[in-house]
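Undergrad: just need the structure, nothing else, for what follows:
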Amino acid sequence: MAREQIRALWHRLTSDRQGAVLIETAIVMPVLILLALGSFDVGRMVTRQIELQSGVAEVEAIVLAANAGASTNTGELATLLKNSLSLTDDKVSVAKIYRCDADTKFVQSTSDCIGNSVVSTYVQIDLKDKYIPLWTHFGVSKTFNYDVSRTVQVDTETLPDPAESA
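TA: Next comes the predicted model:
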């Protein structure tokens with residue numbers, strides 16, 4: 001008789017499905033919510049990276065359209081980037097740099113080049129930004145730093161030889 005009672009109890013427990021969906025939902029729902037938040041955050045991170053890349057590409061197009069190293073106003077370009085991307089002064093850098101002949105290093109001024117050398121003028125654009133993902137509040141991640149940099153050649157000229165002008 002005890003065996004039949006145990007068997008009946010076992011059958012009743014295994015065949016009762018009331019509340020199973022609620023328990024399964026309670027277990028699965030937090031995982032689904034975290035996945036949704038993570039997907040949303042990754043989407044925002046990728047979107048910001050694309051915004052920064054597009055902003056730099058826009059300035060690059062402006063520099064190439066002007067195509068005159070002497071008349072490229074780096075201050076106006078920096079202001080354009082700051083306004084269009086909502087960045088602060090310390091996050092944007094637009095500067096003219098120069099390369100003497102085929103040297104691998106850039107210099108800050110054409111006076112650093114020797115006479116009778118080919119000087120190439122570049123505009124260097126650097127953007128920095130950061131994004132704090134939602135999941136950092138749960139101790140899962142840390143701040144994500146963006147660093148976008150482009151160097152665009154705008155002009156090439158040959159410096160006069162100082163010995164010839166004397």
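
Undergrad: name the helix or strand of the protein that has the lowest mean pLDDT.
TA: Ranking every helix and strand in the chain by mean pLDDT, DSSP states H and E puts helix 162-165 at the bottom, with a mean of 59.

Undergrad: how about the helices in this structure?
TA: For the chain, the helices defined by DSSP state H occupy 2-15, 20-66, 74-85, 162-165.

Undergrad: out of those, flag the one nearest residue 97.
TA: helix 74-85 (10.3 Å; C-beta to C-beta). C-beta here means a position set from N, CA and C on the backbone, and glycine is covered the same way.

Undergrad: ok and the closest one relative to helix 20-66, angle-wise?
TA: When axes from the mean of the first three to the mean of the last three C-alpha atoms, to 10 degrees is applied, the directions of helix 74-85 and helix 20-66 differ by 160 degrees.

Undergrad: what about helix 74-85, average pLDDT?
TA: Mean pLDDT, helix 74-85: 91.

Undergrad: next: stretch 94-113.
TA: 88.

Undergrad: take the helices of the chain and write them to JSON lines, including mean neighbour count and distance to residue 116.
TA: Below are these laid out as JSON lines (neighbours: other C-beta atoms under 10 Å; distance: least, C-beta to C-beta, whole Å):
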{"stretch": "helix 2-15", "mean neighbour count": "9", "distance to residue 116": "94"}
{"stretch": "helix 20-66", "mean neighbour count": "13", "distance to residue 116": "27"}
{"stretch": "helix 74-85", "mean neighbour count": "16", "distance to residue 116": "28"}
{"stretch": "helix 162-165", "mean neighbour count": "8", "distance to residue 116": "8"}
